[in-house]
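> fold the following, please.
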Amino acid sequence: MALPKPPKYAVWVALAGAIALVILFSPAGPPTDDVKKQAMETRAALWMEGEATLLNDEDGAAEQAGDAQSESLGGPFSLVDQTGQAVTERDYLGSYALVYFASTDCTGDCEKGLGAIAAAVDRIGGGAGTITPIMITTDPEADSIASLARFAATVHPRLSALTGSPAQVEQAARAYGVDLEGSAPSSPIFLIDPKGRYVTHFNRTITPDALSAGIQDYF
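Residues are numbered from 1 along each chain as shown. All right, here's what the predicted structure looks like:
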């Protein structure tokens, strides 16, 4: 018999408790690398267990998690796009970006997320030029630069499809709290502002209309 789903805020209660324990039993002074790593791993584990630790409302738009949580998502990366050009997060400053972790063989809800991103970028109309859709592969060993180029062309002409070594991709995924170790990696759609800061995120099953409306709330 399937277990009942936890109450809507149960994941946040668990997350708050885990973070409190980390702080309580850590030595005084700035957090060590081990403490930071433990907190990140706790967050990622809870996120994957709930399919999206930052809870989503009925429209698919993410609930706001507060300044502390916002500051913990996103960060620097060093990858390669589908043209073979080396890129970092700084190459995307100056415009809003939608960051999504997926692979070229993604199906189901993963594919819905890509479709919503492509449609939303078009539906925003005049503001679409200020949005860069970015896909970071979850399978760098299978997704070559050539395969990413073919795949990106079928999704959207402005899609930037990124790959790199497994370590480089893992670093980017950990920065966003996405766990690549599971059998079916799950990623929401992250909205990043022109200064490279996390704004909010959306459920990957969100409709194109809801996604475009959600994005425009921050313009």
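
> can you pull out the strands in the chain?
Ranges of strands in the chain, per DSSP state E, are 78-81, 86-88, 96-102, 131-137, 160-163, 189-192, 198-202.

> show me how this protein divides into domains.
10-50, 68-216 (automatic domain parsing).

> with mean neighbour count and mean pLDDT added, can I get those in a markdown table?
C-beta: built from backbone N, CA, C; applies to glycine. Putting the domains of the chain into a markdown table (neighbours: other Cβ atoms under 10 Å; pLDDT from 0 to 100) gives the following:
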| stretch | mean neighbour count | mean pLDDT |
| --- | --- | --- |
| domain 10-50 | 14 | 45 |
| domain 68-216 | 18 | 90 |
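
> now the strands of the chain in JSON lines, with distance to Asp122?
Below are the strands of the chain laid out as JSON lines (distance: least, Cβ to Cβ, whole Å):
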{"stretch": "strand 78-81", "distance to Asp122": "21"}
{"stretch": "strand 86-88", "distance to Asp122": "23"}
{"stretch": "strand 96-102", "distance to Asp122": "13"}
{"stretch": "strand 131-137", "distance to Asp122": "10"}
{"stretch": "strand 160-163", "distance to Asp122": "16"}
{"stretch": "strand 189-192", "distance to Asp122": "15"}
{"stretch": "strand 198-202", "distance to Asp122": "16"}
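
> please enumerate the helices of this protein.
Counting by DSSP state H, the chain has helices at residues 10-24, 33-49, 67-71, 109-123, 145-155, 166-175, 208-216.

> OK, contacts around Leu191?
Applying Cβ atoms under 8 Å, 6 or more residues apart in numbering, we find Leu191 in contact with Tyr96, Ala97, Leu98, Tyr198, Val199, Thr200, His201, Phe202, Gly214, Ile215, Tyr218.

> kindly recompute the last result at 10 Å.
Contacts here follow Cβ atoms under 10 Å, 6 or more residues apart in numbering; on that basis Leu191 touches 61-62, 96-99, 131, 197-202, 211, 214-215, 217-218.

> measure it to Thr107 for me?
24 Å (Cβ to Cβ, to the nearest Å).

> could you do Leu180 as well?
Per Cβ to Cβ, Leu180 is found 17 Å from Thr107.

> how about Gln168?
Gln168 is 25 Å from Thr107, where distance means Cβ to Cβ.

> ditto for Gly84
Gly84 sits 27 Å away from Thr107, going by Cβ to Cβ.

> pull the contacting residues for the nearest residue to Ile131 once chain neighbours are set aside.
Using Cβ to Cβ, 6 or more residues apart in numbering and skipping the chain neighbours, the partner closest in space to Ile131 is Tyr96 (4.9 Å). Tyr96 is in contact with 124, 127, 130-132, 191-194, 199, 215, 218-219, counting by Cβ under 10 Å, 6+ apart.

> do the same with Ile124
Ile124 neighbours (Cβ under 10 Å, 6+ apart): Tyr96, Thr130, Ile131, Leu211, Ser212, Ala213, Ile215, Gln216, Phe219.

> hmm, the second one is touching Leu98, no?
No. Under the contact definition of Cβ atoms under 10 Å, Thr130 does not touch Leu98, with a separation of 11.3 Å.

> list the contacts of the closest residue in space to Ser165 that isn't next to it in sequence.
Nearest non-adjacent residue to Ser165, counting by Cβ to Cβ, 6+ apart: Pro140, 6.6 Å away. Residues in contact with Pro140 (Cβ under 10 Å, 6+ apart) are 79-80, 103, 148, 162-170, 180.

> at 8 Å instead, please
Contacts for Pro140 (Cβ under 8 Å, 6+ apart) come out as Thr163, Gly164, Ser165, Pro166, Gln168, Val169.
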